[in-house]
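Visitor: Sequence plus the predicted model coming up.
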Amino acid sequence: MNRRQFILSGLALGTTATLGVNGYQLLNSDDTANSELVLAALLPALLYGALPTAPAESDAAISRTIAAVHDSLAFLPLRQQQELQLLFNLLAQRLGRLALSGHWLPLAELSLPQRLTLFARWRDSYLAVLQQAYHGLRELLFAAYYSQPEHWATLNYTAPRFR
């Protein structure tokens, strides 16, 4: 167990033990619903300005990006997969979300400026674990979004042709 797992596990288990909640299930859940819930809430903030302005197109782009994230997770090393799943599980649960974001409300109920502030606090945090969460999510979500061919035009990118 590395330092960040120890800190996150200790934080989650300490708060759940205090309130009598089963922490083992929180930390070892492989529920993809948690990741979809967290990604659907964080993507509009992280991709602010890059998403289409029409709500239907924006929702479709977010859905495609979530699917691309789930597809790309299988190619990450097992340790990184477990750390991301732990982060998603913590952000989906009230106590983990309170510890990591300072908000009791679900991430989807936070306003866009509050979500942007959350990312800024993680980026500028003195805790390396929060900085790692920010950079890891940012890189993963940007890669999943901009790897889709329909977004290449905004980057003035044309795929190379192979013969």
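Guide: Yep, it's here. Since the model is a prediction, treat every value here as computed from it, not as a measurement.
Visitor: Any stretches of this protein with poor pLDDT?
Guide: 1, 5, 13-31 (pLDDT under 70).
Visitor: Please enumerate the helices of it.
Guide: Secondary structure of the chain by DSSP state H: the helices cover 3-19, 23-27, 32-46, 55-73, 78-92, 94-101, 112-123, 128-146.
Visitor: how many degrees apart are the last one and helix 94-101 in direction?
Guide: With axes from the mean of the first three to the mean of the last three Cα atoms, to 10 degrees applied, the angle from helix 128-146 to helix 94-101 works out at 90 degrees.
Visitor: Please name every helix or strand in contact with helix 128-146.
Guide: helix 3-19, helix 32-46, helix 55-73, helix 78-92, helix 112-123 (3 or more Cβ pairs under 8 Å, 6 or more residues apart in numbering; DSSP states H and E). C-beta coordinates here come from the backbone N, C-alpha and C atoms, glycine included.
Visitor: what's that helix in contact with?
Guide: For helix 128-146, the external contacting residues (Cβ atoms under 8 Å, 6 or more residues apart in numbering) are 4, 7-8, 39, 42-43, 46-47, 50, 61, 65-66, 68-69, 72, 80, 83-84, 87, 100, 119, 121-123, 125, 151-152, 155.
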